[in-house]
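>>> Here's my sequence, what's the structure:
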Amino acid sequence: MPPNVARDAPDVASVGIAPFMHGLFGLDGLSESDLQGRAHRWWQLLGQSPGCGAYLIAASCALVDLRRSGAAHYSVRDHARRQRVEISYLNRQLAQEAGKFALKADDRVRVLGEDRVGSVVYRMIGQDPGDPFPAAWYVIAMPGLLRCRAHGSDELERVHAHAPASDVAPVARR
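Residues are numbered from 1 along each chain as shown. Okay, the predicted model is just below:
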């Protein structure tokens, strides 16, 4: 079972793998669907293949950027530009506070309006223009779909231990 990278992922948008590195991972120009599939494959290979963690983090950052921007294809250049702008107004203290209340690695979640249960594999705290406070963004492994998908915190609910385990993402604890 793959380990979870979320415990090592940055909680503040201005920290982590710089967008220009995503170009080195071959992510520039990929669609959301392509990124979701690749992220899921890398998530499945964690612990079995060197470098998969870095690829998964890069793909997760790209998925969150696509979700936040609404773009059809990932652009390293556009992501870097948006990140530079966000860094200028992101309140680090509030971002750290938001991180304390955010879902954690290995948390089982359900996307509102769906029956499937997944697992948090990545999280980041960001602040969109015009929003008064930072918010958490997540990438969720959805094994029933063979996808990792990006979601905002308002789209997810934590699933408790009594939830059916048939469609739960396998996550190994370190």
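>>> Now do Val139 against Arg149, distance only.
Between Val139 and Arg149 the computed distance is 7 Å (CB to CB, to the nearest Å). C-beta: built from backbone N, CA, C; applies to glycine.
>>> hang on, I meant Leu30
14 Å.
>>> ok, now which ones touch Val64?
Contact analysis of Val64 by CB atoms under 8 Å, 6 or more residues apart in numbering lists Tyr122, Met124, Gly126, Trp137, Tyr138, Val139, Ala150.
>>> could you redo the last one with a cut-off of 6 Å?
The contact partners of Val64, by CB atoms under 6 Å, 6 or more residues apart in numbering, come to Met124, Trp137, Ala150.
>>> Most neighbours among these, please name it.
Met124 (29 neighbours; other CB atoms under 10 Å).
>>> For that residue, what is the enclosing helix or strand?
Per DSSP states H and E, Met124 falls inside strand 117-126.
>>> Pull the distance from that strand to the chain's centre.
Computed by CA atoms, centre = their mean, to the nearest Å, the chain-centroid distance of strand 117-126 equals 5 Å.
>>> other SSEs contacting that strand?
helix 92-101, strand 108-111, strand 135-142 (3 or more CB pairs under 6 Å, 6 or more residues apart in numbering; DSSP states H and E).
>>> if you set the cut-off to 7 Å instead, what comes out?
For strand 117-126, the packing partners by 3 or more CB pairs under 7 Å, 6 or more residues apart in numbering; DSSP states H and E come out as helix 52-69, helix 92-101, strand 108-111, strand 135-142.
>>> Please report how far the most centrally placed residue in the chain lies from Gln93.
Geometric centre of the chain, nearest residue: Val139, 2.9 Å, by CA atoms, centre = their mean. Using CB to CB, we find Val139 at a distance of 25 Å from Gln93.
>>> returning to what we had before: could you list everything the residue nearest to the centre of the chain pairs with in the sheet?
Tyr122, Ala150 (DSSP bridges).
>>> Could you check how far it is from Ser60?
For Val139, the distance to Ser60 - CB to CB - is 4 Å.
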